[in-house]
Each structure stands twice: as structure tokens, then as C-alpha cells.
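*Asks:* this is the structure alone, sequence omitted:
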């Protein structure tokens with residue numbers, strides 16, 4: 001009887017409407033990126049994608065209804081051995097700092113910026129708000145001050161680039177040599193400071209999923225099996241193969257000048273010394289002196305005899321129940337002439353665990369490249385951390401460009417001879433040789449197959465001939481990452497999935513300087529405001545997706561969805577589970593490297 005007054009249909013309808021509007025009001029005030037996306041309130045303002053939709057009958061999920069918004073972590077300014085999260089991030093806009101483009105002159109304006117008035121940023125406002133920007137003339141004056149002509153009083157020898165070549169130029173690559181050198185941080189910090197003042201000890205660093213947890217098993221098929229390492233032991237039973245880190249940062253460790261790794265989810269609360277970071281991969285192996293505090297591996301392999309290809313293939317087979325049937329076979333590194341048999345893509349039932357995807361990482365190198373010890377240690381780290389410790393989720397290859405375009409790389413003897421001539425012994429069984437002649441045979445209508453112009457053509461060829469992989473990374477030989485490579489790539493993939501497709505290309509034209517822009521959400525809002533203003537004032541037509549080169553119209557086709565499905569997590573607008581490898585490849589690089 002207590003609820004009898006509410007049982008009439010009319011009253012129930014009124015209550016339901018009130019609850020709906022209350023939920024909408026709550027969600028609209030949520031401090032997430034979706035609140036910063038622009039709302040068009042001008043009836044005559046239409047972007048190219050809107051024109052295309054009107055003329056083709058397409059509809060697009062509104063940007064403010066995106067799921068998986070960015071999460072803005074709490075910051076504490078300068079690191080003091082880890083983050084101490086603040087209750088609320090307050091931002092004082094730097095009214096006299098450069099906020100646009102690739103140049104930022106914050107150093108010369110630190111005193112002015114510190115006295116700037118505070119402005120509370122209101123995340124519940126739907127209209128993007130601009131950050132404070134100095135006048136154009138002031139920015140140019142600051143740039144000229146920064147790049148003024150400079151040379152040492154007594155230059156020694158032939159300096160490159162020449163000092164006098166950049167007088168009255170808008171660019172001076174030598175200017176940095178004239179800045180005061182500050183090494184106080186390195187003099188006053190170190191391992192001893194961490195250990196003695198903070199009581200921090202070395203710990204194994206293994207930022208991998210909890211493979212045995214119930215949560216992980218709900219999402220993925222099969223059991224994770226620990227793989228063999230280069231020292232002949234399973235990695236879960238070989239401390240010598242595991243990187244060790246300090247679980248804190250030295251006092252006063254500076255924040256990054258550009259970007260913020262926190263936004264991607266990479267753990268930056270750890271630090272490494274060079275011996276414990278690369279010692280498991282051969283660094284210091286030939287040092288005859290005793291290194292203080294280094295827990296040196298008890299066994300050191302003869303690296304020239306390590307077969308990284310076999311280790312990776314065996315790892316895949318040990319974990320074969322985790323992969324789709326197409327990915328359960330060892331990889332053939334010999335070049336392929338013809339398109340392999342097409343596999344029928346399996347559509348995952350979201351209510352059941354899925355087969356885990358597999359990713360190839362291709363290290364770009366070429367005939368005549370000189371492999372340093374640092375190169376080899378870095379490659380060993382990539383293989384161990386991406387492939388072996390993950391149980392085969394990744395597989396690392398050396399992608400070697402042979403300069404002789406007429407070399408018959410399909411001939412096994414010629415291929416093996418070239419491998420022995422161009423690649424260190426320990427890397428020969430992970431090497432895939434290719435040349436521009438193969439590209440010509442596969443893509444005859446291109447007419448110019450120079451790798452200088454077509455960096456991604458051979459990667460597309462790789463994906464077409466290796467359907468066992470769902471994704472591919474292009475990795476340069478000089479790329480270095482001091483943290484764990486698995487955590488790094490997984491964090492970037494997640495960050496890419498969460499990034500709205502709208503304004504992606506325009507965002508990639510800008511750099512993020514935390515001291516100038518505040519937190520990442522503020523930078524996003526400022527970027528959106530800049531785009532919206534340019535659309536209204538200058539007629540800018542934003543890019544929503546890759547533009548086909550033969551498209552006659554200037555209109556841009558909108559994506560199918562603003563978010564990616566789990567099946568094609570890195571493939572941007574494509575959501576069909578039957579997408580071909582070449583399509584996936586283009587989308588991966590369009591989203592991550594555009």
C-alpha cells in the first residue's frame with residue numbers, strides 16, 4: 001500500500017523522465033574529454049564531413065558520445081621518488097609562453113609565467129576554451145632572442161654544422177651549445193642517494209598482465225606458458241634474464257619538457273641504472289673490474305650462438321592454445337612470391353574468451369649496416385620483453401633491405417649467402433630479406449619503387465604474406481626506450497584506441513608542452529578551439545580520415561565509427577572483422593604515425 005500512489009502509468013512515466021534528465025545532467029558534468037568536444041551552434045557552419053554526410057545519407061556517432069575518454073592522472077609537479085597525487089589539479093596559465101607549433105621558449109619567461117593570474121578551468125563547459133597566448137610579435141621576438149648568432153670564442157677544428165652558416169637565419173642548430181651547462185642533478189643524485197636516503201632497493205621489473213588471474217582468463221583463451229630464455233632456462237625460473245629497477249625516482253627528477261607519459265599509461269615512477277637495465281642482454285659482460293652494487297648475471301651466454309628465431313617460434317608453440325589457428329605455426333622468414341592462402345577471419349563472441357591477437361615488430365635495417373654492441377643489446381631486449389616474456393604475443397624480426405634490386409632472394413643459397421654477409425649470426429634466423437625488385441613484382445603499377453619514397457610498401461607486403469599477424473610495428477634501429485618495451489607498446493595501443501578519430505590529424509600537427517598548456521585535457525580543449533576558430537574564420541576543412549589520392553572531390557569520407565572494435569583495435573575507422581592485412585596496416589600507421 002505504501003507505493004500505491006506511484007503505480008499509475010502517468011506517474012511512472014513522469015518519474016522515468018525525471019530520472020533520465022538527472023542522469024544526462026550528471027554525465028554532462030563529468031570531467032572527461034567528451035565534455036570538451038566542440039558543439040556547433042552556428043547553423044551555417046558545416047565541416048567537410050557534415051557536408052559529405054548530408055549529401056550521402058551517412059550518420060556519425062556524435063563526438064560527445066564517445067566511450068573510453070582520456071583519463072587525466074593527478075600530478076605533483078616535480079617528482080620526489082614517485083607521485084603524490086593531489087586532490088585537484090590547478091593550472092595557472094602561462095600568459096607569456098609560446099603555446100603553438102614546435103617551438104616553446106618557456107625558459108626565458110619563467111619569471112613572468114610564475115606571476116600569471118590563476119584561472120580555474122571548468123571541465124563541464126562544452127565549448128572549447130582557448131589557453132592564453134602571447135601576441136604573434138612577442139613570440140617572434142622571443143624566437144629571435146633564442147636563435148641569435150652564437151659561436152665559441154675559440155672554435156676548435158672543423159665544426160659541423162658550420163657556425164657562420166646561420167647568421168641572420170631563422171634557424172640555428174648550434175645555439176644550444178651556448179647555454180649554461182647544469183649538471184647539479186647528476187652530481188647530487190644517484191643510486192647511493194636512492195638507497196641510503198630513501199631505502200629503495202632493486203626489484204625485478206615485470207609490468208605484464210596477471211596471466212593467471214580470473215579477470216584475464218575471462219577475456220582470453222588458453223594459459224600463458226613461460227618461455228625459454230637465451231640462458232637455457234624458463235624465464236620464470238631465471239633471475240639472470242630479468243631487468244631490475246628502482247621503485248622510485250631520485251629527488252628533484254625533472255618533468256619532461258614535451259609530452260606526458262602519464263597520459264599514455266606508461267609507468268614513469270621507476271628508474272634504471274645501465275647495468276641492471278641492459279646487463280641481462282650483455283651490457284658489462286666484458287668488464288673486468290668489479291662494478292659497485294651490480295648484481296651481475298651468474299651466467300653469460302655466447303650470444304653469437306643464440307637462435308632468437310627458434311626461441312620465439314618455440315614460445316609461440318608452447319602457447320599455441322592462446323592463438324587463432326592461423327597463428328599457431330612457426331614463421332617462415334624466406335620471402336614469398338605469391339599471395340598465401342586466405343584465412344577465414346573468426347568473429348569473436350564477446351560473451352566468451354577470445355584468441356589473443358599477435359603483433360609483428362619489424363626492425364628496419366639494410367645491407368651494409370654496422371651493428372654496434374648497443375644495437376645488439378637493444379634488439380635482445382626487444383625480443384625478450386616483447387616476445388618471450390609475453391608468451392609470444394609479439395614476434396620481432398630484422399627487416400633487411402638488400403640494395404641489389406636484381407638479387408634473386410627467392411633462391412635459398414643466395415639468400416643464405418646474403419644473410420651471412422650482412423647480418424650478425426645471432427640475428428640471422430629472425431631476418432627477412434627484401435629488395436625493391438620484389439616490390440616491383442608485387443606492385444607493378446606504382447612505377448617508382450624506391451624505399452625512400454615508399455617506406456611502408458614493404459611493410460604492406462609483409463602483412464599480405466604473413467596473415468598470422470594482426471598488427472605490425474615499424475621500428476628503427478636507432479630507437480631506444482629505457483623502460484619495458486611491452487608496457488610501452490601496449491600503452492601506446494591503448495592510448496590510440498581511446499583517441500577520438502575526429503581532429504586526429506590536426507592534433508598531430510601540434511606539440512604538447514605541459515608548462516605552456518597545463519594538463520593534457522586543457523591542451524585537447526585548446527586544440528579543438530583552435531580548429532573550430534580556423535573553420536569559422538578561415539574556412540578550414542578538418543580531415544576525418546585518410547584521403548585517397550584519386551579522390552576527385554575535396555570532401556572527406558567520415559569514418560564508420562569514432563571508436564575501434566576489439567577485433568581491429570589499432571585500425572581506426574575500419575571495424576569489419578574480415579578486413580584484409582593491407583587495410584589494417586594502413587590504418588595502424590594512419591592512426592599512430594600520421
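*Replies:* It's in. Since the model is a prediction, treat every value here as computed from it, not as a measurement.
*Asks:* helices of the stretch 351-500 of the chain, start to end?
*Replies:* For the stretch 351-500 of the chain, the helices defined by DSSP state H, counting those that start in this stretch cover 373-382, 412-422, 436-442, 457-465, 485-498.
*Asks:* and of the ones you listed, who's closest to residue 406?
*Replies:* helix 436-442 (6.0 Å; CB to CB). Quick note: C-beta positions are derived from backbone N, CA and C, even for glycine.
*Asks:* hmm, who's touching the closest one?
*Replies:* 335, 337, 405-407, 409, 446, 449-451, 454, 457-458, 461, 464 (CB atoms under 8 Å, 6 or more residues apart in numbering).
*Asks:* looking at those residues, which gets the smallest pLDDT?
*Replies:* Lowest pLDDT within the contacts of helix 436-442 is found at residue 337 (81).
*Asks:* and that residue, how many neighbours does it have?
*Replies:* 11 (other CB atoms under 10 Å).
*Asks:* apart from its chain neighbours, what residue comes closest to it?
*Replies:* The shortest distance from residue 337 to any non-neighbouring residue, by CB to CB, 6 or more residues apart in numbering, is to residue 410 (5.9 Å).
*Asks:* check residue 195 too.
*Replies:* residue 201 (6.9 Å).
*Asks:* could I get the contacting residues of the nearest residue to residue 388 once chain neighbours are set aside?
*Replies:* Using CB to CB, 6+ apart and skipping the chain neighbours, the partner closest in space to residue 388 is residue 227 (4.6 Å). By CB under 8 Å, 6+ apart, the contact list for residue 227 reads 234, 235, 311, 314, 315, 318, 319, 387, 388, 389, 391, 392.
*Asks:* okay, these in TSV with pLDDT next?
*Replies:* Output for the contacts of residue 227, formatted as TSV (pLDDT from 0 to 100):
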residue	pLDDT
234	97
235	97
311	98
314	97
315	98
318	97
319	97
387	98
388	98
389	98
391	97
392	97
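*Asks:* what sits against residue 480?
*Replies:* residue 378.
*Asks:* no, scratch that, I was asking about residue 264
*Replies:* By CB under 8 Å, 6+ apart, the residues touching residue 264 are 491, 492, 494, 495.
*Asks:* which two from those end up farthest apart in space?
*Replies:* Farthest apart among the contacts of residue 264 by CB to CB are 492 and 494. That separation is 7.4 Å.
*Asks:* touching, residue 373 and residue 281? I think so.
*Replies:* No. With contacts counted by CB atoms under 8 Å, residue 373 stays clear of residue 281, the gap being 10.0 Å.
*Asks:* looking at these two, which has the bigger crowd around it?
*Replies:* When residue 373 and residue 281 are compared for neighbours, residue 281 comes out ahead with 22 against 13, by other CB under 10 Å.
*Asks:* can you give me the neighbour number for the residue nearest to residue 373 when sequence neighbours are not counted?
*Replies:* Nearest non-adjacent residue to residue 373, counting by CB to CB, 6+ apart: residue 282, 7.3 Å away. Neighbourhood size, residue 282 [other CB under 10 Å]: 20.
*Asks:* equivalent analysis for residue 515, please.
*Replies:* By other CB under 10 Å, the residues close to residue 515 number 17.
*Asks:* element containing it?
*Replies:* Using DSSP states H and E, residue 515 maps to helix 514-517.
*Asks:* buried sites along the helix or strand that that helix is followed by?
*Replies:* The helix or strand immediately downstream of helix 514-517 is helix 520-538, counting by DSSP H and E. By 16 or more other CB atoms under 10 Å, the buried positions in helix 520-538 come out as 520-532, 535.
*Asks:* pipe these into JSON lines and attach distance to residue 180 and pLDDT per row.
*Replies:* What follows is the buried residues of helix 520-538, written out as JSON lines (distance: CB to CB, whole Å; pLDDT from 0 to 100):
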{"residue": "520", "distance to residue 180": "31", "pLDDT": "92"}
{"residue": "521", "distance to residue 180": "34", "pLDDT": "91"}
{"residue": "522", "distance to residue 180": "31", "pLDDT": "92"}
{"residue": "523", "distance to residue 180": "29", "pLDDT": "93"}
{"residue": "524", "distance to residue 180": "35", "pLDDT": "92"}
{"residue": "525", "distance to residue 180": "36", "pLDDT": "91"}
{"residue": "526", "distance to residue 180": "32", "pLDDT": "91"}
{"residue": "527", "distance to residue 180": "33", "pLDDT": "92"}
{"residue": "528", "distance to residue 180": "38", "pLDDT": "91"}
{"residue": "529", "distance to residue 180": "37", "pLDDT": "91"}
{"residue": "530", "distance to residue 180": "34", "pLDDT": "90"}
{"residue": "531", "distance to residue 180": "38", "pLDDT": "91"}
{"residue": "532", "distance to residue 180": "41", "pLDDT": "90"}
{"residue": "535", "distance to residue 180": "44", "pLDDT": "91"}
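*Asks:* now the residues you listed as CSV including distance to residue 426?
*Replies:* Formatted as CSV, the buried residues of helix 520-538 follow (distance: CB to CB, whole Å):
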residue, distance to residue 426
520, 41
521, 46
522, 48
523, 43
524, 44
525, 49
526, 49
527, 45
528, 49
529, 52
530, 50
531, 49
532, 54
535, 54
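*Asks:* re the thing from before, can you pick the most crowded of the contacts of residue 264?
*Replies:* When neighbours are counted by other CB under 10 Å, residue 491 leads these with 19 neighbours.
*Asks:* if I look at that one, how far off is residue 332?
*Replies:* According to CB to CB, to the nearest Å, residue 491 and residue 332 sit 31 Å apart.
*Asks:* and the strands in the protein?
*Replies:* Taking DSSP state E to define them, one finds strands in the chain at 79-80, 202-204, 244-246, 251-253, 359-366, 394-401, 431-434, 471-476.
*Asks:* deepest-packed of the ones you listed, please.
*Replies:* strand 394-401 (a mean of 24; mean count of other CB atoms under 10 Å).
*Asks:* partners of it in the sheet?
*Replies:* Sheet pairing for strand 394-401, assigned by DSSP bridges, gives strand 359-366 (parallel), strand 431-434 (parallel).
*Asks:* Serialize those strands to CSV and add fields for mean pLDDT and distance to residue 248.
*Replies:* Listed next are these as CSV, based on pLDDT from 0 to 100; distance: least, CB to CB, whole Å:
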stretch, mean pLDDT, distance to residue 248
strand 359-366, 97, 30
strand 431-434, 97, 40
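*Asks:* closest one to residue 156 among those?
*Replies:* strand 359-366 (33.9 Å).
*Asks:* OK, contacts around residue 273?
*Replies:* Counting by CB under 8 Å, 6+ apart, residue 273 has contacts 191, 246.
*Asks:* without its sequence neighbours, what residue ends up closest to the residue most central in space within the chain?
*Replies:* Closest to where the C-alpha atoms of the chain average out (CA atoms, centre = their mean) is residue 492, at 3.5 Å. Nearest in space to residue 492, with sequence neighbours left out and distances taken as CB to CB, 6+ apart, is residue 264 at 6.0 Å.
*Asks:* residue 307 now?
*Replies:* In space, residue 307 is closest to residue 429, 5.4 Å off (CB to CB, 6+ apart).
*Asks:* and the one you found, how many neighbours?
*Replies:* 18.
*Asks:* go on, the one 10 residues further on?
*Replies:* Taking other CB under 10 Å as the criterion, the count of residues near residue 439 is 21.
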